[in-house]
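1. coordinates only, no sequence provided:
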């Protein structure tokens, strides 16, 4: 924790993480301070040494009167990087922080190795920002706190995380009026549009599916079109992914900034191969229903079993599909896993994977080696499925 002074303004910053890890500079949005990144820290500190900065006018940094400019704020970042001993690093910024990151790459290109532009833009509506600045200067930040929270967080997230929404609202209302208005002027007056072609470093453009401030259409898409080397990731979030989607955002940053994308692409290749096996064994209709029923809670688990069980195991050449099907039937009956048992019995009989006589022999042998009660239930479950298939 330290302060750096530039042009008479004290800038608060914090450097965290193992010294041997590569640096990453994190910049906050207007109306927030470096704590914006708190939920993402456990995921990012595994990979990076993090430099967080309270933008002038925010957090513990000074909040001088008057209009700020993006070149001024970018120079602040360069000064803090100097003080922290970081010559060059990737810079990730949310909203205003993303605008500052782009300005830094233009004004100080030797300091920036890559960009992560999160829910940000190169051009905003000047009139709306002029109105917001006037409101803050006349009535204070409390007058725009509710409006800001409505744009920062998706309604569902705010409703289910009232403690986060209320804390953000209090922080905005407590922010220095001069700091918010000064930073708002930097957004109002920014001159990034038309200059982004000069940025040669790789850039990750992150948009939020529920972001109403800087949605993909009109903002993210324009960044992708203007930046020479850019890729896009969309997250299930509103305007502040470090709060709503910290793990997914951290994964995207690691992919782009540490070159982990090839690993993820390899995993996607294994997933597609496993999905082909799954369709061959269970049929398209069942697999399509299963994919449609994925949720954010179970999606990673579903992807894992598709990569490992359906690709790694069902692709092995040592056994044919018929033998593997019958093994699954015997094992799930022995364990009493009746949902999986029914799935494989139905698929095997309906898709010609094995005959009814073969199924019967497997269940007879299950009675000897796994117990009569297990086989008794298995015969009942299989009989019900056979009757349903006969009626179809």
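-> Okay, I see it. All values reported here derive from a predicted model rather than from experimental measurement.

2. which helices and strands sit right next to the lowest-mean-pLDDT helix or strand in the chain?
-> Every helix and strand in the chain was compared by mean pLDDT, DSSP states H and E; the lowest is helix 261-282, with a mean of 84. In terms of contacts (3 or more C-beta pairs under 8 Å, 6 or more residues apart in numbering; DSSP states H and E), helix 261-282 is packed against helix 246-257, helix 284-292, helix 321-335, helix 338-350. Every residue, glycine included, has its C-beta placed from N, CA and C.

3. pull the residues that contact the shortest one.
-> Residues external to helix 284-292 that are found in contact with it (C-beta atoms under 8 Å, 6 or more residues apart in numbering): 275, 278, 279, 302, 343, 347.

4. before we move on, back to that, how about the helices and strands packed on helix 261-282, which one is nearest residue 374?
-> Nearest of the helices and strands packed on helix 261-282 to residue 374, taken as C-beta to C-beta: helix 321-335 at 5.6 Å.

5. what is the closest one packed up against?
-> By 3+ C-beta pairs under 8 Å, 6+ apart, helix 321-335 packs against helix 261-282, helix 338-350, helix 356-370, helix 372-391.

6. what sits up against it?
-> Contacts of helix 321-335 (C-beta under 8 Å, 6+ apart): 280-281, 313-314, 319, 338, 340-341, 344-345, 347-348, 353-354, 358-359, 362-363, 365-366, 369-371, 374-375, 377-378.

7. which parts of that helix are buried?
-> Within helix 321-335, the residues scored as buried using 16 or more other C-beta atoms under 10 Å are 324, 325, 326, 328, 329, 330, 332, 333, 334.

8. quick one: the helices in the stretch 1-150 of the chain?
-> Listed in chain order, the helices of the stretch 1-150 of the chain (DSSP state H, counting those that start in this stretch) span 41-44, 70-84, 96-107, 126-139, 145-152.

9. average pLDDT for the last one?
-> The average pLDDT for helix 145-152 rounds to 96.

10. now the angle from it to helix 126-139?
-> 150 degrees (axes from the mean of the first three to the mean of the last three C-alpha atoms, to 10 degrees).

11. please shift the residue numbers so they start at 29 in all later answers.
-> Let's use 29 as the start, then, which means that last one is helix 173-180.

12. next secondary structure after helix 173-180?
-> helix 183-188 (DSSP states H and E).

13. from the chain's centroid, how far away is that following helix?
-> 18 Å (C-alpha atoms, centre = their mean, to the nearest Å).

14. list the helices and strands it packs on?
-> Short answer (3+ C-beta pairs under 8 Å, 6+ apart): helix 183-188 packs on helix 190-202.

15. which strands or helices does the helix it packs on pack on?
-> Using 3+ C-beta pairs under 8 Å, 6+ apart: helix 190-202 touches helix 173-180, helix 183-188.

16. export the ones you listed as JSON lines, with columns for distance to residue 104 and mean neighbour count.
-> Output for the helices and strands packed on helix 190-202, formatted as JSON lines (distance: least, C-beta to C-beta, whole Å; neighbours: other C-beta atoms under 10 Å):
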{"stretch": "helix 173-180", "distance to residue 104": "22", "mean neighbour count": "18"}
{"stretch": "helix 183-188", "distance to residue 104": "31", "mean neighbour count": "13"}
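
17. which among the ones you listed is found nearest to residue 39?
-> helix 173-180 (22.8 Å).

18. tell me the angle the closest one makes with helix 190-202.
-> Using the same axes, to 10 degrees: helix 173-180 against helix 190-202 is 130 degrees.

19. make TSV out of the helices and strands packed on helix 190-202 and add distance to residue 204.
-> Formatted as TSV, the helices and strands packed on helix 190-202 follow (distance: least, C-beta to C-beta, whole Å):
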stretch	distance to residue 204
helix 173-180	14
helix 183-188	24
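
20. residue 232: which of the ones you listed is closest?
-> Using C-beta to C-beta, the nearest of the helices and strands packed on helix 190-202 to residue 232 is helix 173-180, at 20.8 Å.

21. helices or strands up against the closest one?
-> Packed next to helix 173-180, using 3+ C-beta pairs under 8 Å, 6+ apart, are helix 190-202.

22. now tell me what touches the helix it packs on from outside.
-> Applying C-beta under 8 Å, 6+ apart, the set of residues contacting helix 190-202 is 59-61, 168-170, 172-174, 176-177, 180-181, 185-186, 208, 271.

23. residues contacting residue 120?
-> 52, 53, 54, 55, 129, 143, 144, 146, 281.

24. tell me how far the first one lies from residue 43.
-> Translated: residue 52. 11 Å (C-beta to C-beta, to the nearest Å).
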